[in-house]
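Chemist: pasted the sequence and its predicted model underneath.
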Amino acid sequence: MPRPRSEKARQSVLAAMRAALAADGYAAVTIEGLAAEAEVSKQTIYRWWPSKAEILGEALLEGALPMPSLPVTDDLAADLRAWFSAMSVQAGHGTSVEVARALIAVTATDAELGAALNAKLAGPIIEQIVARLTTAQAAGEVRADVDAAAVADQFIAMSSYAALLGRPLDEKRVDAVVDGLMRGIRMR
């Protein structure tokens, strides 16, 4: 995508997107509103970004994002359950549904930006889960042949699916998922 001539104007548009998203949710964001807030024309925005989903992607990529921390206790199942529950609660918020759908649109239209967003949004979570599982493997709680990254990907996939549908997983479902996972990875 062509880069704006004015980095200040570009940053204003991205800041306007983050502010609008926080205030009203993605569905309420309009190009007209972003242009007014950033003090640029609609044509300027369309020249720089083909859609509001692309603006969202770039705004998320460059902005600071709160990342949930995976608890670390002596109970791996409880740690994974706590993380999964926290992610599932976030999936039920309307903004999360809108953002999940917009991110799919961004990834479908701009694979490079989609990959960068995946690295920024999912990467830290995957790292935490892999680190926790690796610690559990070293302690003899988890089989050595378990691919920790594959397990982490499953958590991301289920959380993303819940966010996409706007249907958080209830406690019973989280328990069932974690219990099934633990049966598959636990030392026998």
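Modeler: Sure, I can see it.
Chemist: where do the helices sit along this structure?
Modeler: Using DSSP state H, the helices of the chain run over residues 7-24, 31-38, 42-48, 52-62, 76-91, 94-109, 111-121, 123-138, 148-165, 171-185.
Chemist: now these in CSV, please, with extra columns for mean pLDDT and mean neighbour count.
Modeler: Quick note: C-beta positions are derived from backbone N, CA and C, even for glycine. CSV is the format used below for the helices of the chain (pLDDT from 0 to 100; neighbours: other Cβ atoms under 10 Å):
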stretch, mean pLDDT, mean neighbour count
helix 7-24, 86, 17
helix 31-38, 94, 17
helix 42-48, 91, 16
helix 52-62, 84, 21
helix 76-91, 81, 19
helix 94-109, 74, 18
helix 111-121, 85, 15
helix 123-138, 92, 17
helix 148-165, 86, 17
helix 171-185, 91, 14
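Chemist: redo these as TSV? Include distance to residue 70.
Modeler: Output for these, formatted as TSV (distance: least, Cβ to Cβ, whole Å):
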stretch	distance to residue 70
helix 7-24	25
helix 31-38	35
helix 42-48	37
helix 52-62	21
helix 76-91	5
helix 94-109	19
helix 111-121	15
helix 123-138	4
helix 148-165	10
helix 171-185	13
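Chemist: just want the most central residue of this structure.
Modeler: Most central residue of the chain, judged by C-alpha distance to the mean C-alpha position with Cα atoms, centre = their mean, is residue 121 at 4.3 Å.
Chemist: hmm, residue 22 and residue 28 touching each other?
Modeler: No: with the criterion set as Cβ atoms under 8 Å, residue 28 and residue 22 do not qualify as a contacting pair; they are 11.1 Å apart.
Chemist: dump the residue contacts of the residue nearest to residue 165 when sequence neighbours are not counted.
Modeler: The spatial neighbour of residue 165 that comes closest, neighbours along the chain excluded (Cβ to Cβ, 6 or more residues apart in numbering), is residue 97 at 7.5 Å. By Cβ atoms under 8 Å, 6 or more residues apart in numbering, the residues touching residue 97 are 91, 163, 164, 165, 166.
Chemist: and if you look at residue 73?
Modeler: With contacts defined as Cβ under 8 Å, 6+ apart, the neighbours of residue 73 are residue 79.
Chemist: from residue 97, how far out is it?
Modeler: 31 Å (Cβ to Cβ, to the nearest Å).
Chemist: ok, now residue 161?
Modeler: Taking Cβ to Cβ as the criterion, residue 161 is separated from residue 97 by 11 Å.
Chemist: how many other residues sit next to residue 140?
Modeler: Residue crowding around residue 140 was assessed by other Cβ atoms under 10 Å; the count is 9.
Chemist: for the one 4 residues further on, same thing?
Modeler: Here the count is done by other Cβ under 10 Å, and residue 144 has 8 residues near it.
Chemist: please consider this matter closed, and thank you.
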